[in-house]
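Q: coordinates only, sequence not included:
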DNA sequence: ATAATAAATAAAAATGATTGTTAATTACGG
DNA sequence: CCGTAATTAACAATCATTTTTATTTATTAT
């Protein structure tokens, strides 16, 4: 995810409008490492724009995803999570409180599919989920 | 997941009844490497027991999960998938057809969190999702 | 600036997966 | 067999998300 100036240019270059809602949703996500759900984002935006609708949150998150500004993912949960960090990284999920921590270690030199897989599958990337318990829940 | 005889004993030891529906759902899952959703299981069971209800499928899958007979997971999808193989293994997901392949390589010697994580998190296991394209979709 | 207009928004309804409720049915110990 | 508690099927409810529609707003050209 880039700066808000960069986002503004990206939106414009796609013929999209610069709206206060979009900017605020972007700001909520910017440098956010809490992996919020759509509802989490909604609550944060609502504090500043009480009239904002859930529809706008969903639509904007989808827009940002399409523009490559956020990554959407699910981890054994019934809702989607959004991560402004679109660089390759991994997650550690606390089985108790469901908090998601970022893991920036580069495992790519050690994580490769066996050769016989090459005829069946082309790998574009991989994602590791570490399950366990966080400090607070221990 | 064990044999049907083993399941029978497990159910009995938990004071649970041996019903045709439970046995059929188990059979559908047994040695099944297609990672079916609840709906997939429902369709398969319905062929033999046309009167079976979705409720029973969901309840039974939950029961089997509680008994440790199946593993439930989600991968960037809006439905849960069920895997009778509860041993540690990983998945390769085709971005096009969403088919999930099993990856039995043991990455545990090479996938460890950095030491500074030890004070923040206790790892109980990890799961790798390989994203890419399968043979048929290539 | 201002009006035209295409895009975005809010509100409301719809959808799809899953869960809860209830009354009827069934497995199984006595 | 019978009684009873567990399980089932049918149905309603819920929750996250998507779609629809009418209104509002950001932008572009006047």
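A: Sure thing, it's come through. Values in this document were obtained by computation on a predicted structure and should not be read as measured data.

Q: helices of chain A, start to end?
A: Using DSSP state H, the helices of chain A run over A:4-13, A:20-29, A:38-48, A:54-66.

Q: most tightly packed of the ones you listed?
A: Most buried of the helices of chain A by mean neighbour count (mean count of other CB atoms under 10 Å in any protein chain shown) is helix A:20-29; its value is a mean of 19. (Glycine included, C-beta is placed from N, CA and C.)

Q: returning to that earlier point: and the helices of chain A: which comes nearest chain B?
A: Nearest to chain B among the helices of chain A is helix A:54-66; the distance by CB to the nearest CB comes to 11.5 Å.

Q: elements contacting that closest one?
A: Judged by 3 or more CB pairs under 8 Å, 6 or more residues apart in numbering or on different chains; DSSP states H and E, the packing partners of helix A:54-66 are helix A:20-29, helix A:38-48, strand A:71-73, strand A:81-83.

Q: let me have the ones you listed in CSV, extended by distance to residue B:27 and mean pLDDT.
A: As requested, those are exported to CSV (distance: least, CB to CB, whole Å; pLDDT from 0 to 100):
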stretch, distance to residue B:27, mean pLDDT
helix A:20-29, 46, 98
helix A:38-48, 39, 98
strand A:71-73, 33, 96
strand A:81-83, 35, 98
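
Q: want to throw the ones you listed into CSV with distance to residue B:128?
A: Listed next are these as CSV, based on distance: least, CB to CB, whole Å:
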stretch, distance to residue B:128
helix A:20-29, 26
helix A:38-48, 26
strand A:71-73, 14
strand A:81-83, 18
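
Q: can I get these in TSV including distance to DNA strand D?
A: Shown next, in TSV, are the helices and strands packed on helix A:54-66 (distance: least, CB to the nearest atom of the strand, whole Å):
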stretch	distance to DNA strand D
helix A:20-29	6
helix A:38-48	4
strand A:71-73	9
strand A:81-83	8
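
Q: and those: which comes nearest DNA strand C?
A: Nearest of the helices and strands packed on helix A:54-66 to DNA strand C, taken as CB to the nearest atom of the strand: helix A:20-29 at 3.5 Å.

Q: residues making contact with the closest one?
A: Around helix A:20-29, the neighbours that count as contacts under CB atoms under 8 Å, 6 or more residues apart in numbering or on different chains are A:1, A:4, A:7, A:11, A:36, A:41, A:44-45, A:48-49, A:52, A:56-57, A:60-61, A:63-64, A:69-70, A:82, A:84.
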